[in-house]
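Engineer: sequence first, then the predicted structure:
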Amino acid sequence: MATKVVGIDCAYSSSVVEIPFSEKSEVEAGEKVIFKDEEGKEEYGVVKYVNQDPLDADKILFLSKILRKATANDLQKEESHLEQVDRAITLCKKLVQELNLEMNIFRVGYSFDGSKVHFTFTADERVDFRDLVKELAKNLKKQIHLRQIGPRDKAKIVGGYGRCGRSLCCNTFLGKLVSINMEMVREQGLESKGSSKLSGACGKLLCCLRYEVEAYKELRKHLPSVGSLVRLKESPSASKDGLVVALDVLNQKARVQLGEKEDAIVVGPSGIDKIIKEPELNKS
């Protein structure tokens, strides 16, 4: 039987950690908790989901567990860390500028015991931040950790609203981010929309482009490809042979040009007798 997990948004690392689910925990999504990390230390976080399949079974923290729901004292302690975050991020940005590093620091988290500080940043290239770590440790007198993430992961952490007007999928219900590619765009006939309309808040292809891909693939099986030469069962002209020039996949229609001087007609799969020739690019 697969291990069920509890997902906790860890304040220190700004990432979701998964620990084995236990009925004894009695926690619900949205509750603030104190949990034991992989080193056996207490950390603070907010429960994102309970009793679910893991996003990555290889990253489950089997030695961790929820210790308690956050008490008033726990929350006060966490509040005290938040007061130091502004100073830490201001210092880090100043040092980044002085060291001439191409990186964008956007999130800082303190461990629950206050001994460690975690900086999350984005950058176009890999960054050698060893000197930055030394300077931060000298100024903050803490153990320093830096983590570089991509623009999609940043959007998942920061959140926001998509072009649909709803909260970003990655920040709400999407767990593991999967690859989105141009093949998905072409499968749905959206390549003419332009990159600006196909890009999300992160600047990458919209996550929602994958939601209907399989449906489109299934529907396309009943239609000839654009560029196919087909024979119609019935035709308004002398010729029944024509070239498929466009498809309406959702409505299961194909636009067929019968001749250069004739108007194109629209037919469904039932109106096509057979495919005479597939376009060259679809041949395997």
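Structural biologist: Happy to help now that I have it.
Engineer: any idea where the helices of the stretch 151-284 of the chain begin and end?
Structural biologist: Secondary structure of the stretch 151-284 of the chain, counting by DSSP state H, counting those that start in this stretch: helices at 151-158, 182-187, 195-198, 213-220.
Engineer: one more: the stretch 1-150 of the chain?
Structural biologist: Here the stretch 1-150 of the chain has its helices, by DSSP H, counting those that start in this stretch, at 72-98, 130-140.
Engineer: coming back round to it: and Val27, which of the helices of the stretch 151-284 of the chain is closest to it?
Structural biologist: Val27 lies closest to helix 151-158 among the helices of the stretch 151-284 of the chain, at 21.8 Å (CB to CB). To be clear about C-beta, it is placed using only N, CA and C from the backbone, and glycine gets the same treatment.
Engineer: where in the chain is the helix or strand with the lowest mean pLDDT?
Structural biologist: helix 195-198 (a mean of 88; mean pLDDT, DSSP states H and E).
Engineer: in that helix, what's buried?
Structural biologist: Buried residues in helix 195-198, counted by 16 or more other CB atoms under 10 Å: Leu198.
Engineer: residues making contact with it?
Structural biologist: Identification of contacts with helix 195-198 by CB atoms under 8 Å, 6 or more residues apart in numbering yields Arg163, Val185, Leu190, Leu205, Leu206, Leu209.
Engineer: which one of those residues has the most neighbours?
Structural biologist: Counting by other CB atoms under 10 Å, Leu206 has the largest number of neighbours within those, with 21 neighbours.
Engineer: find the nearest non-adjacent residue to it, please.
Structural biologist: What sits nearest to Leu206 in space, not counting adjacent residues and going by CB to CB, 6 or more residues apart in numbering, is Gly200, at 4.7 Å.
Engineer: dump the helices of the stretch 151-284 of the chain to JSON lines, plus distance to Phe106.
Structural biologist: JSON lines is the format used below for those (distance: least, CB to CB, whole Å):
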{"stretch": "helix 151-158", "distance to Phe106": "7"}
{"stretch": "helix 182-187", "distance to Phe106": "28"}
{"stretch": "helix 195-198", "distance to Phe106": "23"}
{"stretch": "helix 213-220", "distance to Phe106": "31"}
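Engineer: need the winner for burial among those helices.
Structural biologist: Neighbour counts (mean count of other CB atoms under 10 Å) averaged over each of the helices of the stretch 151-284 of the chain peak at helix 151-158, with a mean of 18.
Engineer: which helices and strands does that helix pack with?
Structural biologist: Under the contact criterion of 3 or more CB pairs under 8 Å, 6 or more residues apart in numbering; DSSP states H and E, helix 151-158 touches strand 104-110, strand 116-122.
Engineer: next, format these as TSV and append mean neighbour count, mean pLDDT and distance to Thr71.
Structural biologist: Below are the helices and strands packed on helix 151-158 laid out as TSV (neighbours: other CB atoms under 10 Å; pLDDT from 0 to 100; distance: least, CB to CB, whole Å):
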stretch	mean neighbour count	mean pLDDT	distance to Thr71
strand 104-110	20	94	18
strand 116-122	21	96	22
